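Student: just need the structure, nothing else, for what follows:
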Amino acid sequence: RDMLAAERTFLAWARTGLGFLGAGTGLFTTYQTARPGATAWEVFPACAALWANGALVLGFAITRYFSVVAAIRSGSFIIASRSLMFIIGTTATSSAFALGIVVKAELSSEPGRREILVTSTHRSCAGRESSEPQAAAAKA
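Tutor: I've put the predicted structure just below:
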């Protein structure tokens, strides 16, 4: 029963790590597709931070799983408070860093291009043209 709990915990950590790897890949692919050129490379540090965090979480999951299994077999129980705090801290830091890079890239993009992307996204979501994008463009 304890071994099954260790496996479930490992899989949860692995899923989290893979989620960060996927988020980094999705972020870069989205920027490369929507805005080819320099903007995609502007968010590359954010993608790299997400990839590094995903790899760190996957490494933590593997290391933690094998140490817990060894402890269960020896009849002891380990608590990993320092390593868990480290993972939480690096996840918060890398996520905040990635968010800051993306916000900076969005704010420094060309205003006309941003309006075009917003208008085309609004049209595709609504299925029809709306006067809101034109009103927003007139205000800017």
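
Student: switch to C-alpha atoms for all contacts and neighbour counts from now on
Tutor: Noted.

Student: contacting residues for the closest residue to residue 13 other than its chain neighbours?
Tutor: Excluding its sequence neighbours, the residue lying closest to residue 13 (C-alpha to C-alpha, 6 or more residues apart in numbering) is residue 61, at 5.4 Å. Listed by C-alpha atoms under 8 Å, 6 or more residues apart in numbering, the contact set of residue 61 reads 10-11, 13-14.

Student: which among those residues end up buried?
Tutor: 10-11, 13-14 (16 or more other C-alpha atoms under 10 Å).

Student: show me the residues you listed that map onto strands.
Tutor: Judged by DSSP state E, strands contain none of these.

Student: and the residues you listed as CSV, adding pLDDT?
Tutor: Formatted as CSV, these follow (pLDDT from 0 to 100):
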residue, pLDDT
10, 86
11, 90
13, 88
14, 93
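
Student: in helices only, show me those.
Tutor: Judged by DSSP state H, helices contain the following of these: 10-11, 13-14.

Student: and the helix or strand hosting residue 106, which residues are buried?
Tutor: Using DSSP states H and E, residue 106 maps to helix 81-108. Counting neighbours by 16+ other C-alpha under 10 Å, one finds that the buried residues in helix 81-108 are 87, 90-91, 94-95, 97-98, 101-102, 105.

Student: go on, stretch 22-42?
Tutor: By neighbour count on 16+ other C-alpha under 10 Å, the buried set for stretch 22-42 is 22-25, 27-28, 31-32, 39-40, 42.

Student: helix, strand or coil for the residue nearest the centre of the chain?
Tutor: Nearest to the geometric centre of the chain sits residue 23, at 3.9 Å (C-alpha atoms, centre = their mean). Secondary structure, DSSP: H, G, I helix; E, B strand; the rest coil: residue 23 is helix.
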